[in-house]
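In: Show me how the following folds:
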Amino acid sequence: MKRLILTALLSTLALWPQANGGRVFEFGFEQRTRNENWNNLFDYNGGLDDQRVQIRWRTRVWMKAPLSGTVDFQVGLNQESNQILTPDRPFLFDEAVFETAYLDFKKLFVNGLTLRVGRQNINRGEGFLLLEGSPGDGSRTIYYNAAVLGYSWKKSKLELMGISNPRTDRYLPRFHDRYKPLQDWNDRALGAYYTGTELKNTSIEAYYFYKKETGDLRPVTHAQYQGDRHISTAGGRVVERFNNGWSLTGEMALQWGAQRPNLTLSSRGGYAYLKKNFGPKGRHYLLGGYIGMSGDDPATTSRIENWDPIFARWPKWSELYIYSQFREKAPSYWTNTGMWQAEMGYALANPLNLRLTYYKLHAYHPFRGSAVTFGSGTSRGSMPQIRLDYNPNKYWRTHVLYEHLAPGDFYSKRSQAYFLRFEVIFTYTASLRVGGER
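Out: Here you go, the predicted model:
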């Protein structure tokens, strides 16, 4: 993969003169500022002082250059630094990284065949399986080092993917390198993803991925150490749209494989929800459903039933709860969890939207961890959320998010936790025609 990415970059330099022929050069800049305040969300123990107040500054720049009528090159840089106010810590400028660096062949030798190779973002469906390629750096980046070969026909598309995401970046240079881990182990995967809308009012997705997770950076004596494993995941997603704003969405996947020294893997995960859009242009909605990711049964000592979120370690359902998962497996590692969900979205005004969400969380099995944090029950707790988005124009996006968790008997302590965030994003994009007629 490293040789493939370097070849792509060298090819860009060789082809650049061909781009100076009246084609459009695109570029952009984004500044995101987040103010976050949280407490008790690691262990739900109010007797310990673990409050955090911080400001996160993320800066992104990118450009896309057409090398020919069918080939684009895109590259982007990303830098995020945290300023921790509580507890008071000195400000440290963090590293800058290549967020994207890929060649996009929009047309190959067969009609409908495309290829994107290099560092890129990959997001399919609702991100239940495929969204986050670098969970160790938080929300700074989500990139993959990958090659995606796609073939489209009628209203269908089949994509073949090869992915190589090492636990620390070794493919592209870092600036002011902080040797930041991108995840807990090395990831390599091969997969196929089908998307189709051939049927009226129905969308279908189906996939298969074979993934290897090797070289856990934690010592073998660590309670959460994971031996080298290979795992297969097969599943699909269906969206059925009905009259009068009703829709039904479901996704289900099965996993199987093996883990050293002599363990087998067998797990399942999925979700289903019913949604009703209403009001002017369907801008309001009500939603109800269930999400489930299997857990490890203590009675089966030679088999692991924990769901593996292979490329989905991100705060899909909660910003608060991903930190609670740290002491079970790893941050954003969704497993052994079931959630009943009720949600309402309401457009208060044209640029102002409100979202109210409630989750009732449980575990399928108690967790055999330290009694300092974990109890003997299966109730994870109740979690209401409220989010207000204000997006006045194409340049500015803002939101306020508040989450609150009342823990259940899955935990030994019952202090309530909260997460509060204020966010402002400024984005500027532009284009420049290079050469050609004016």
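
In: can you give me the strands for the stretch 251-400 of the chain?
Out: With DSSP state E, counting those that start in this stretch as the criterion, the stretch 251-400 of the chain has strands at 263-278, 284-293, 303-304, 337-349, 352-362, 379-390, 396-407.

In: do the same with the stretch 51-200 of the chain
Out: 52-66, 71-86, 96-105, 113-120, 144-153, 156-165, 174-175, 186-196.

In: so which of these gets nearest Tyr271?
Out: Of all the strands of the stretch 51-200 of the chain, strand 186-196 sits nearest to Tyr271, with 17.9 Å by C-beta to C-beta. Backbone N, C-alpha and C define where each C-beta goes, glycine included.

In: what does the closest one contact?
Out: 124, 130, 133, 155-167, 203-215, 310-311 (C-beta atoms under 8 Å, 6 or more residues apart in numbering).

In: rerun that using 7 Å as the cut-off
Out: 124, 155-167, 204-215 (C-beta atoms under 7 Å, 6 or more residues apart in numbering).

In: just stretch 97-107 next, same as before
Out: 5, 8-9, 11-12, 60, 62, 70-78, 114-120, 141, 143, 169, 172, 174.

In: Throw the strands of the stretch 251-400 of the chain into TSV and include mean neighbour count, distance to Thr233 and mean pLDDT, thanks.
Out: Below are those laid out as TSV (neighbours: other C-beta atoms under 10 Å; distance: least, C-beta to C-beta, whole Å; pLDDT from 0 to 100):
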stretch	mean neighbour count	distance to Thr233	mean pLDDT
strand 263-278	17	9	98
strand 284-293	18	12	98
strand 303-304	20	14	96
strand 337-349	16	17	97
strand 352-362	17	23	98
strand 379-390	18	24	98
strand 396-407	18	29	98
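
In: Now render those strands as JSON lines, adding distance to Gln224.
Out: Shown next, in JSON lines, are these (distance: least, C-beta to C-beta, whole Å):
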{"stretch": "strand 263-278", "distance to Gln224": "15"}
{"stretch": "strand 284-293", "distance to Gln224": "17"}
{"stretch": "strand 303-304", "distance to Gln224": "13"}
{"stretch": "strand 337-349", "distance to Gln224": "16"}
{"stretch": "strand 352-362", "distance to Gln224": "20"}
{"stretch": "strand 379-390", "distance to Gln224": "18"}
{"stretch": "strand 396-407", "distance to Gln224": "20"}
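
In: Report the buried members of the contacts of stretch 97-107.
Out: The neighbour-count test (16 or more other C-beta atoms under 10 Å) marks 5, 8-9, 12, 60, 62, 71-78, 114-120, 141, 143, 169, 172 as buried among these.

In: if we can go back for a sec, do you know which of the strands of the stretch 251-400 of the chain lies nearest Arg178?
Out: strand 396-407 (27.3 Å).

In: CA-only coordinates of that closest one in CSV, if you can.
Out: C-alpha atoms of strand 396-407 as CSV (Å, rounded to 0.1, in the frame of the first residue of the first chain):
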residue,chain,number,x,y,z
TRP,A,396,-21.1,28.8,8.9
ARG,A,397,-22.4,25.8,10.8
THR,A,398,-23.0,25.8,14.6
HIS,A,399,-24.5,23.5,17.1
VAL,A,400,-25.0,22.9,20.9
LEU,A,401,-25.2,19.3,22.2
TYR,A,402,-26.1,18.1,25.7
GLU,A,403,-26.2,14.5,26.8
HIS,A,404,-27.0,13.1,30.2
LEU,A,405,-26.6,9.5,31.5
ALA,A,406,-28.2,8.0,34.6
PRO,A,407,-26.2,4.7,35.0
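
In: ok now do Thr86, which residues does it touch?
Out: Thr86 touches Gln51, Arg52, Val53, counting by C-beta under 7 Å, 6+ apart.

In: at 8 Å what do you get?
Out: Gln51, Arg52, Val53, Gln54.

In: any idea how far the residue lying closest to the first one once chain neighbours are set aside lies from Thr86?
Out: Read it as Gln51. Among residues not flanking Gln51 along the chain, Asn39 sits closest, at 4.3 Å (C-beta to C-beta, 6 or more residues apart in numbering). With the distance defined as C-beta to C-beta, to the nearest Å, Asn39 ends up 10 Å from Thr86.

In: list residues touching both of the two?
Out: In contact with both Asn39 and Thr86: Gln51, Arg52, using C-beta under 8 Å, 6+ apart.

In: returning to that earlier point: weed out the non-buried ones from the contacts of strand 186-196.
Out: By 16+ other C-beta under 10 Å, those give 124, 157-159, 161-167, 204-205, 207, 209-213 as buried.

In: Now do the contacts for Leu354.
Out: Contacts of Leu354 (C-beta under 8 Å, 6+ apart): Gly345, Tyr346, Ala347, Leu348, Ile386, Arg387, Leu388, Asp389.

In: typed the wrong thing, it's Gln385
Out: Counting by C-beta under 8 Å, 6+ apart, the residues that Gln385 touches are Ser318, Arg355, Leu356, Thr357, Tyr358, Tyr359, Leu401, Tyr402, Glu403, His404.

In: Gly28: which of these is nearest?
Out: For these, the nearest to Gly28 is Leu401 (24.7 Å; C-beta to C-beta).

In: is that closest one in a bridge, and if so with what?
Out: As for beta bridges, Leu401 partners with Arg387, Arg421 under DSSP bridges.

In: Kindly report the same for Gln74.
Out: Lys64, Tyr102.

In: Could you find which two of the contacts of Leu354 are furthest from each other?
Out: Ala347 and Ile386 (15.2 Å).

In: Where does the prediction get shaky in this structure?
Out: Regions of the chain meeting the criterion pLDDT under 70 cover residues 1-22, 435-438.

In: Just the C-alpha atoms of stretch 51-67, please, in PDB.
Out: The C-alpha trace of stretch 51-67 is given here as PDB (Å, rounded to 0.1, in the frame of the first residue of the first chain):
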ATOM      1  CA  GLN A  51     -14.200  16.800  35.100                       C
ATOM      2  CA  ARG A  52     -12.800  18.000  31.800                       C
ATOM      3  CA  VAL A  53     -13.200  21.400  30.100                       C
ATOM      4  CA  GLN A  54     -11.300  21.800  26.800                       C
ATOM      5  CA  ILE A  55     -11.200  23.600  23.500                       C
ATOM      6  CA  ARG A  56     -10.400  21.700  20.400                       C
ATOM      7  CA  TRP A  57      -9.100  23.600  17.400                       C
ATOM      8  CA  ARG A  58      -9.100  21.700  14.100                       C
ATOM      9  CA  THR A  59      -7.900  23.200  10.800                       C
ATOM     10  CA  ARG A  60      -8.200  21.600   7.400                       C
ATOM     11  CA  VAL A  61      -7.100  22.700   3.900                       C
ATOM     12  CA  TRP A  62      -7.500  20.700   0.700                       C
ATOM     13  CA  MET A  63      -7.300  21.000  -3.000                       C
ATOM     14  CA  LYS A  64      -8.500  19.000  -6.100                       C
ATOM     15  CA  ALA A  65      -6.700  19.200  -9.400                       C
ATOM     16  CA  PRO A  66      -8.000  17.700 -12.600                       C
ATOM     17  CA  LEU A  67      -5.100  15.900 -14.300                       C
END
